[in-house]
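Colleague: The following comprises the amino acid sequence and a computationally predicted model.
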Amino acid sequence: MNMHLPTHKYQRIVALGAIALGILLAWPFLGIVALAALMSFLFYGVFEKLHEKFRAPAAATLTIVASILVIVIPLALVTTFTAVQVYHLAANVSAAIADDSAASGIKDIVNSANEILAPIVGTVSAISADDMTNFLRSTLPNIIRGTVGFVAQLLGSIPLMIILTIMYLIFMYEFLVHGKTLIKNGTTISPFQPKITRLYLKRAGLMANAMAKGQLLISLIISVLTALVLSVFLGLGDYFFLMTVVFTLLNIAPLGCGIVVIPMTIIAMLSGMVWQGGAALALYMAISNLDAVIRPRIIPRSITLSPGLTMLAVFGGISVFGVMGVVYGPILMILLVTAVQIYLDSHKTTPSSRATAHK
């Protein structure tokens, strides 16, 4: 059907407005839709191979089953073990705070710290053991209660989780079966030229792969090794899953889990576990260098964000989307960076984005 240019332009505006209205309507569930889209993208290769032998509905169903076996079930088990260890930690901390022996242990740590700080600050009482004890007794219970309350609230929202699970399965099925059509329609509706739209999609896909298959894999490897070191040398094996989960989330950001591990090893050395804490610290420093070895091999340089932008994207994503923001945030940030780069390239004689779009 032929139509004049203004009509075509207005129809595109109406279509984009309808999409924006749909996003606003679905905003409370946008996270689960984005998760379904991400998982369908990551498992699309499996779907295509199965589609060679089965019809699309059967291939999509088998792909969803495969994703559940590979990711959902292990993740559910880790979450369960982590919740159990959180409750165990809460009980141990409460008992330790009520025990007078804990106060004497804190005094020993404070005295050791004062001996180290004395030549620097010029006084032998830079830190007060009583103040430290009172602070821990007033603060730690609130932190533990808040953490336990969060886990209890998470476990208590089972009906909502069932609804979200059904939505996730339906949307993943539709994304697998109709994915190519959706991309084609999106390219048609997009206000940009098709090659620019393809560039955006390409960069978003690369970042999704990099975060889900690259960054998360690097973080998980370093976290597991670090948790193993702390379990062996500091006797924290009862909290292995909890440390692994927390360290994995921290390692996605540039600062990494060092902001927790290094103080833990120093406190261990001050409390008398000198060689154990020193060995754990040395091994952690060696493990943290694995990032520089693995990253260049699995994450393309074309979608690498600076440390500052990575931190902003990760924590900004978490504040908006929750835990999955560690993936969504960098994807949105790379789209923002791509938009700025395309604008800058448009003022050059030979835009680099054109060359990238045709690769």
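Modeller: Arrived safely, thanks for sending.
Colleague: show me where pLDDT drops low in the stretch 201-350 of the chain?
Modeller: Applying pLDDT under 70 to the stretch 201-350 of the chain flags the ranges 211-213, 253-255, 298-304, 323-324, 346-350.
Colleague: For it, which segments are assigned as helices?
Modeller: 216-234, 240-252, 258-270, 274-288, 290-298, 307-321, 325-345 (DSSP state H, counting those that start in this stretch).
Colleague: Pick the most buried one from these.
Modeller: When you average the neighbours per residue for each of the helices of the stretch 201-350 of the chain (mean count of other C-beta atoms under 10 Å), helix 240-252 leads with a mean of 21. For every residue, glycine as well, the C-beta is placed using N, CA and C.
Colleague: And that one, what does it pack against?
Modeller: helix 73-98, helix 216-234, helix 258-270 (3 or more C-beta pairs under 8 Å, 6 or more residues apart in numbering; DSSP states H and E).
Colleague: can we see that at 6 Å?
Modeller: helix 73-98, helix 216-234 (3 or more C-beta pairs under 6 Å, 6 or more residues apart in numbering; DSSP states H and E).
Colleague: Output those as JSON lines; include the columns distance to Tyr200.
Modeller: Converted to JSON lines, those look like this (distance: least, C-beta to C-beta, whole Å):
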{"stretch": "helix 73-98", "distance to Tyr200": "29"}
{"stretch": "helix 216-234", "distance to Tyr200": "23"}
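Colleague: Of the ones you listed, which is nearest Ile170?
Modeller: helix 73-98 (19.5 Å; C-beta to C-beta).
Colleague: what kind of secondary structure is Phe192 in?
Modeller: At Phe192 the chain is in coil, as set by DSSP: H, G, I helix; E, B strand; the rest coil.
Colleague: For it, which non-adjacent residue is spatially closest?
Modeller: Nearest non-adjacent residue to Phe192, counting by C-beta to C-beta, 6 or more residues apart in numbering: Tyr200, 7.5 Å away.
Colleague: For that neighbour, give its distance to Gln341.
Modeller: Separation of Tyr200 from Gln341 (C-beta to C-beta, to the nearest Å): 11 Å.
Colleague: about what we covered before: identify whichever of the helices and strands packed on helix 240-252 lies nearest to Gly258.
Modeller: Per C-beta to C-beta, nearest to Gly258 of the helices and strands packed on helix 240-252: helix 216-234, 9.1 Å.
Colleague: Counting by contacts, list what that closest one packs against.
Modeller: Using 3+ C-beta pairs under 6 Å, 6+ apart, helix 216-234 sits against helix 240-252, helix 274-288, helix 290-298.
Colleague: if you skip the residues just before and after it, what's nearest to Thr63?
Modeller: Nearest to Thr63 is Phe47, by C-beta to C-beta, 6+ apart, at 4.4 Å.
Colleague: Could you report the distance from the residue nearest to Phe192 to Ala208?
Modeller: When Tyr200 is compared with Ala208 (using C-beta to C-beta), they lie 12 Å apart.
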